[in-house]
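Participant: what follows is a protein structure lacking sequence information:
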Ligand code: CUA
């Protein structure tokens, strides 16, 4: 559906967000007209006339009227709340099969990294029809990743990972904006998202210079920074092994546990003292200031690669269903 004045609808979220927006506009327009028309009508009807001293008769509360004008707006605003919350929850839960891409924002550019190792600046190439999950962080101040055609906007915050996702529905070239004031050249912190057909995307992936996948670059860094001297795969080092750590619940000194997600690994690299693994000494030096956010992402991907992915049963079942349909 093409709506004049609106950006294109190029993601699965776009129609949902627009329908909610129409509802908000319709409610606002209805009450604006109702209120202004009432003011106008009543001002004329009860104007001061000759032989009338201008003092109105006292009116007492009508309980029915009070209930009506409380319950109707309450209902209308609960619809806004419920509808908005439903879209918000869907937008904040990326599906498991999403294609993962990393975003590092800095004054004043977008750096994007693909799992296969491709890096881009102010340009993002993605395939149409696949859910895309972005894991984002900033090197300096708060930025915000905003693609109007997808109706997705998510703050990109220094010192933590935020995520967003979307499924592009049509090929094309779409504006990417920074939607959080971040300094002098905030307005110039823009880029383009190129949504490609699956074939064009494969071509794009195979082109360009190869620097290894993110995980491979992370492994090299892991050795260069001498992490490998201590974190040995067979647990013989002075530090815990990182094999099968990602996604697990890690027992910590003090009896608590922590879920080993991206944020946990990032923190363990930059502030190793924050969460010390049960049975180990806080020996690890901090790497704060020695590694960039991009380095950290590569290390995180390497650690993730040490946990073999379980074989997903869902696609196999799909294939079977398709085979039996034929
Ligand atoms: Cu980055 Cu505004």
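Facilitator: Good, I have the coordinates. What you see is a predicted model; the values in this text were computed from it and never measured. Numbers count the residues shown, from 1 in each chain.
Participant: hey, let's count contacts and neighbours off CA atoms from now on
Facilitator: Fine.
Participant: show me the protein divided up by domain.
Facilitator: 1-48+94-209, 214-305 (automatic domain parsing).
Participant: worst average pLDDT in the ones you listed?
Facilitator: Looking over the domains of the chain, mean pLDDT reaches its minimum on domain 214-305, with a mean of 82.
Participant: can you give me the end-to-end span of that one?
Facilitator: 10 Å (Cα to Cα, to the nearest Å).
Participant: give me the contacts around stretch 11-27.
Facilitator: Contact with stretch 11-27 is made by 9, 80, 83-84, 87, 91, 149-152, 166-170, as judged by Cα atoms under 8 Å, 6 or more residues apart in numbering.
Participant: repeat that with 7 Å
Facilitator: Contacts to stretch 11-27, defined as Cα atoms under 7 Å, 6 or more residues apart in numbering, come from residues 9, 150-151, 166-169.
Participant: same question for stretch 218-226.
Facilitator: Contacts of stretch 218-226 (Cα under 7 Å, 6+ apart): 228, 298-299, 301-302.
Participant: middle-most residue in the chain, spatially?
Facilitator: Nearest to the mean C-alpha position of the chain, by Cα atoms, centre = their mean, lies residue 164 at 1.7 Å.
Participant: which of the contacts of stretch 11-27 sits closest to the ligand?
Facilitator: Nearest to the ligand, judged by Cα to the nearest ligand atom, of the contacts of stretch 11-27 is residue 151 at 17.5 Å.
Participant: show me what contacts the closest one?
Facilitator: Residue 151 makes contact with 13-14, 17 under the criterion Cα under 7 Å, 6+ apart.
Participant: now it: how far from residue 15?
Facilitator: To residue 15, residue 151 is 9 Å away according to Cα to Cα.
Participant: also residue 30?
Facilitator: From residue 30 to residue 15 the distance is 22 Å (Cα to Cα).
Participant: please, where are all the strands along the stretch 1-150 of the chain?
Facilitator: 99-106, 109-114, 119-121, 123-127, 132-138, 143-147 (DSSP state E, counting those that start in this stretch).
Participant: same for the third one, what does it pack against?
Facilitator: By that I understand strand 119-121. strand 109-114 (3 or more Cα pairs under 7 Å, 6 or more residues apart in numbering; DSSP states H and E).
Participant: which residues of the protein lie near the ligand?
Facilitator: Residues of the chain lying near the ligand by Cα under 6 Å from any ligand atom: 107-108, 143, 178-182, 186, 189.
Participant: just those: which are in strands?
Facilitator: Among those, the residues falling in strands (DSSP state E) are 143, 178.
Participant: most neighbours, which of the residues of the chain next to the ligand?
Facilitator: Neighbour counts for the residues of the chain next to the ligand (other Cα atoms under 10 Å) peak at residue 143, which has 30 neighbours.
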